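Enquirer: Give me a 3D structure for the following:
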Amino acid sequence: TFTSISDVVDALFPFIAFERLKKRFLRLRWESIERVRDLEVPMLFLTGEKDEMIPPAHSRALHARAEQSRLRQNVVFPEGSHNDTWEKGGEQYWEVQAAYLKECLALSPGAKSAFSSAKRDKAAVSSGASNDAPSPAAASDGRGDVSRAGACQTSAS
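Expert: All right, here's what the predicted structure looks like:
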């Protein structure tokens, strides 16, 4: 996850990384480094140390700035690059997320019941016992983000 679009331009295109140019042409700022400061939700940063697009220092800076987070963790995968950290991390990548979700659920009993409800709904749909979709309150984007249930935020770069 990047600290800001401006910082990404600095890293990827240093030959055009002039403040005047950036101010003129960058319409979206996406100042994550400023936004993360006041967030109190748990945050997991999954960082590929060989990321060629987003310097790993961005994740470290965001993790450090997220001082208000109830639970924050930065996990570095030494061989991970921008698009293959999940693959290079192997089982550890998935185990870290599972352990983090358990920690989040321990902090937020309401989210635990919503998460369990979604699991039950999914199991019922898989077995044909119900035509109901999983609860949107605990929907996941496949990377462990159950933020709509108020439990956890994950970030993979």
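Enquirer: where exactly do the helices run in the protein?
Expert: Ranges of helices in the chain, per DSSP state H, are 5-12, 19-25, 32-35, 56-65, 85-88, 90-107, 109-127.
Enquirer: What mean pLDDT does the longest one get?
Expert: For helix 109-127, the mean pLDDT works out to 51.
Enquirer: deepest of the helices of the chain, which one?
Expert: Per residue and on average, the most neighbours among these fall to helix 56-65, with a mean of 19 (mean count of other Cβ atoms under 10 Å). The way it works is simple: take the backbone N, C-alpha and C, and place the C-beta from them, glycine included.
Enquirer: which outside residues touch that one?
Expert: For helix 56-65, the surrounding residues in contact (Cβ atoms under 8 Å, 6 or more residues apart in numbering) are 1-3, 7-8, 32-33, 36-37, 43, 45, 47-49, 72-74, 76, 155, 157.
Enquirer: if you set the cut-off to 6 Å instead, what comes out?
Expert: 1, 2, 3, 33, 36, 37, 45, 47, 49, 72, 74, 157 (Cβ atoms under 6 Å, 6 or more residues apart in numbering).
Enquirer: Which among those count as buried?
Expert: In the contacts of helix 56-65, burial by neighbour count holds for 1, 2, 3, 33, 36, 45, 47, 72, 74, 157, counting by 16 or more other Cβ atoms under 10 Å.
Enquirer: ok, now which ones touch the second one?
Expert: Spelled out, it's residue 2. Residue 2 makes contact with 8, 54, 58 under the criterion Cβ under 6 Å, 6+ apart.
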